[in-house]
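> pasting a predicted model and its sequence here:
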Amino acid sequence: MDKRKHRRAQSVASQRLAVLQTLGKLPAVIRARHLHPDAASIVRALRQRGRRVWPLHRRGANLGYAVELDRTFPTTAAAQSTWNAGEPVFLPGMLGASPTQFAAPIQTCLRMFDRLRAGDRFVDELQRRLDDDQNLRYGGSKVDRTDPREVERVFVDAEVQGQVVANDLWAKLAWIANAENDRSLRIRFSAGKDQIEAWMQATDLTAGWVDQYAQRAFPECGAILGCRRLRDLLAILIPRPHRLSERILYNNAPGGGAVFHHDAEPGQLGVCFCQLEGHTAWLSLSKRRLAKLLVRTHFVKTMTAAMAALDQNDDAALVRWLNRDATFTAHLAAHGALFVLQAGDTILLPSHGIDEVAWHSVVALGQRPSLAHSYGLFPRQPDYAMAASGNDE
């Protein structure tokens, strides 16, 4: 068989494999292995052999260990079938050399988070970063005393030739969790009143200025927006004009992270999460596969009950089982739902609807806070300012 035919045969085989895995007829690719919390001797032996083993600790819950296994980049066909099935698409090394190219602003951002954690004012940080900006004008800052996690929110208006074209654009600094033993922080960029989710009704013109607010304040956004390989893949997965908006900067601290949730918001197509510094562990899979695991582990008896329980997500026993039980974490890992992200990695979380969405939780890894950016994927309208996309389209 000549090389061209061999490559074609390999491509067909990989596409068939991807389809079978999506249909559940073959086991998912195992990206990371799980070890029980009492497997300390195995952990020592693996580390002596040079293997990377990470403790999975989040806010007092010991979920065991993650052992990195497979960092193979998926074929385009495999990524597309995985995305279409509502499953997370793990893209190791997607950002290439970008984390190195943007090392200076990344390190500057990490030092900023350390200062904010120590009590510095967020408004002062943003004023230094945007002091000479030609369009963004300071509009005030405040703290929502009804939200125990909010630290400070900083508002700006966008002006063009002296005329306000978008107002009440904000960046909100907040603790990721309402827990004293989790010092993780995040910064979210949006507009309007988030209590009534006004961002969902905002025009694309406003969304574009919000995105420029994030990009001008934090130039490391360019590591993601300027990644042609990522943008080309997104164009295949989402074959329509789209934008990367509602941008969030995550500074996950040791012992921190996020519990299981989803992002099936009206109009949102998914999430693009990129690790810029440090490591995080992810437990992620489609809602339907998560529901099947709840049945297989005898938490509920039927798929109908499992889907309903996930919709409610207010049962204390379910919350514990999903987020604080090492046995269930082991089940998730055995079904290909455990991933370890390092700087330069991306994970895409599709959101096709309330039942066709990737559920996910995050565990901070390592001894220092990390840095990652998470961008929502939305349909793009003609009034979106392409300067905010980082693209030359």
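Perfect, I can see it now. Residues are numbered from 1 along each chain as shown.
> wait, a helix at Phe339?
No: per DSSP: H, G, I helix; E, B strand; the rest coil, Phe339 lies outside any helix segment and is strand.
> show me where the stretch 101-250 of the chain dips below the pLDDT cut-off.
194-201 (pLDDT under 70).
> quick one: the helices in it?
Here the stretch 101-250 of the chain has its helices, by DSSP state H, counting those that start in this stretch, at 103-117, 122-130, 204-217, 222-225, 228-237.
> now render those helices as a markdown table, adding mean neighbour count and distance to Ala306.
(Each C-beta comes from the backbone N, C-alpha and C, glycine too.) Putting those into a markdown table (neighbours: other Cβ atoms under 10 Å; distance: least, Cβ to Cβ, whole Å) gives the following:
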| stretch | mean neighbour count | distance to Ala306 |
| --- | --- | --- |
| helix 103-117 | 17 | 38 |
| helix 122-130 | 17 | 41 |
| helix 204-217 | 23 | 35 |
| helix 222-225 | 22 | 35 |
| helix 228-237 | 16 | 27 |
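> and those helices as JSON lines, adding distance to Ala32?
Formatted as JSON lines, these follow (distance: least, Cβ to Cβ, whole Å):
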{"stretch": "helix 103-117", "distance to Ala32": "24"}
{"stretch": "helix 122-130", "distance to Ala32": "35"}
{"stretch": "helix 204-217", "distance to Ala32": "30"}
{"stretch": "helix 222-225", "distance to Ala32": "23"}
{"stretch": "helix 228-237", "distance to Ala32": "22"}
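> quick check: which of the ones you listed is nearest to Val156?
Closest to Val156 of the helices of the stretch 101-250 of the chain is helix 204-217 (Cβ to Cβ; 6.1 Å).
> give me the helices and strands touching the closest one, please.
With contacts taken as 3 or more Cβ pairs under 8 Å, 6 or more residues apart in numbering; DSSP states H and E, helix 204-217 sits against helix 122-130, strand 136-142, strand 150-160, strand 163-175, strand 185-191, strand 242-251.
> that older thread, wait, which of the helices of the stretch 101-250 of the chain is closest to Pro369?
helix 103-117 (6.3 Å).
> circling back: would you turn the helices and strands packed on helix 204-217 into CSV with distance to Ile354?
Listed next are the helices and strands packed on helix 204-217 as CSV, based on distance: least, Cβ to Cβ, whole Å:
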stretch, distance to Ile354
helix 122-130, 34
strand 136-142, 33
strand 150-160, 27
strand 163-175, 25
strand 185-191, 22
strand 242-251, 18
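> re the thing from before, and Gly278, which of the helices of the stretch 101-250 of the chain is closest to it?
Across those, closest to Gly278 is helix 103-117 (Cβ to Cβ), at 8.7 Å.
> just the angle between that closest one and helix 122-130, please?
160 degrees (axes from the mean of the first three to the mean of the last three Cα atoms, to 10 degrees).
> distance between stretch 103-122 and the chain's centre?
20 Å (Cα atoms, centre = their mean, to the nearest Å).
> what lies in contact with it?
Residues outside stretch 103-122 that contact it (Cβ atoms under 8 Å, 6 or more residues apart in numbering) are 99, 125, 141, 151-152, 154, 171, 173, 183, 185, 187, 218-220, 223, 249, 251, 253, 276-277, 369, 371.
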